[in-house]
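J.: can you look at this prediction? I've put the sequence above it.
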Amino acid sequence: MSGIEALKWAQDYPDEIKAIIGLDMAVPAVYEELSINMFLVRLGAFTAKTGLIRWIPNLSESDAIKYGNLTDEEKELYKVIFYRRTLTKDMVNEIDYIKVNAQKVKKAGIPNMPILLFSSNGEGTGFDNQKWNGIQNDFINRIDKGKLIELDSSHYIHSIDYERIAEESEAFIEGLNRY
């Protein structure tokens with residue numbers, strides 16, 4: 001949901017932002033088609049609040065742990081934070097209002113600035129590769145200074161393709177001086 005927040009910030013404070021780099025960013029069109037089961041979200045919040053969530057095997061085994069560069073100590077810390085801070089009241093409220101907020105961002109229009117999007121293969125987004133990247137392409141094609149880089153990894157691309165993301169981001173940022 002940080003993609004919606006980045007776009008909103010760019011709309012409201014364009015002088016504060018020179019560009020956006022999105023890491024498998026859900027653009028407003030995603031939320032038009034995404035089905036969100038708020039009953040399950042609230043049930044998950046209940047299990048998190050009561051501690052029952054800890055009994056669900058491998059739930060905290062995210063891509064950051066599987067593929068990332070975390071040390072064993074950092075992996076344990078990640079799990080602690082996950083179990084203590086997952087599906088908080090604020091997170092549930094954000095999920096509950098994301099479709100409305102995405103529509104507000106869509107109505108305000110795409111910010112007039114360079115945007116670099118890294119897109120996953122769709123795994124972990126609720127969409128297949130073709131649909132997910134189709135939405136990403138439709139969005140980026142409406143931007144004069146937009147670029148899309150498709151990666152063959154799941155949604156948490158920053159834990160898997162971090163080296164390529166770093167290289168491409170550096171080149172993109174260096175190129176901003178031309179604008």
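T.: Okay, I see it. Here the structure is a predicted model, which is why all the values come from computation and not from measurement.
J.: residues near the closest residue to residue 135 other than its chain neighbours, how many?
T.: Sequence neighbours aside, residue 29 is the residue nearest to residue 135 in space, at 5.1 Å (criterion: CB to CB, 6 or more residues apart in numbering). From N, CA and C alone the C-beta is placed, and that goes for glycine too. Applying other CB atoms under 10 Å, we find 15 residues neighbouring residue 29.
J.: for residue 29, which residues are in contact?
T.: For residue 29, the contact set (CB atoms under 8 Å, 6 or more residues apart in numbering) comprises 106, 135, 138, 139.
J.: do residue 89 as well
T.: Residues counted as contacts of residue 89 (CB under 8 Å, 6+ apart) are residue 45.
J.: then residue 134?
T.: Taking CB under 8 Å, 6+ apart as the contact definition, residue 134 lies against nothing.
J.: next one: it from residue 7, what distance?
T.: As judged by CB to CB, to the nearest Å, residue 134 and residue 7 stand 19 Å apart.
J.: and what of residue 148?
T.: Look at residue 148 and residue 7: by CB to CB, they are 15 Å apart.
J.: higher neighbour count, the two?
T.: More neighbours surround residue 7 than the other of residue 148 and residue 7, with 25 against 17 (other CB under 10 Å).
J.: okay, that one and residue 101: tell me how far apart.
T.: Residue 7 is 10 Å from residue 101, where distance means CB to CB.
J.: do the same with residue 55
T.: Here residue 55 is placed at a distance of 33 Å from residue 101 (CB to CB).
J.: between the two, who's got more neighbours?
T.: A count of neighbours by other CB under 10 Å puts residue 101 above the other of residue 55 and residue 101, at 17 against 8.
J.: from residue 11, how far off is that one?
T.: Remark: distance between residue 101 and residue 11 (CB to CB) = 12 Å.
J.: next: residue 84.
T.: For residue 84 relative to residue 11 (CB to CB), the value is 33 Å.
J.: the more surrounded of these two?
T.: Using other CB under 10 Å as the criterion, residue 84 and residue 11 rank with residue 11 on top: 17 against 10.
J.: which residues touch the more buried one?
T.: Applying CB under 8 Å, 6+ apart, the residues contacting residue 11 are 105, 108, 109, 111.
J.: try residue 64
T.: For residue 64, the contacting residues are 70, 78, 156, 159, by CB under 8 Å, 6+ apart.
J.: ok, now residue 164?
T.: Residue 164 makes contact with 149, 151, according to CB under 8 Å, 6+ apart.
J.: if we go by neighbour counts, what in the helix or strand containing it is buried?
T.: Element membership for residue 164, per DSSP states H and E: helix 162-175. Buried residues in helix 162-175, counted by 16 or more other CB atoms under 10 Å: 165, 168, 169, 172.
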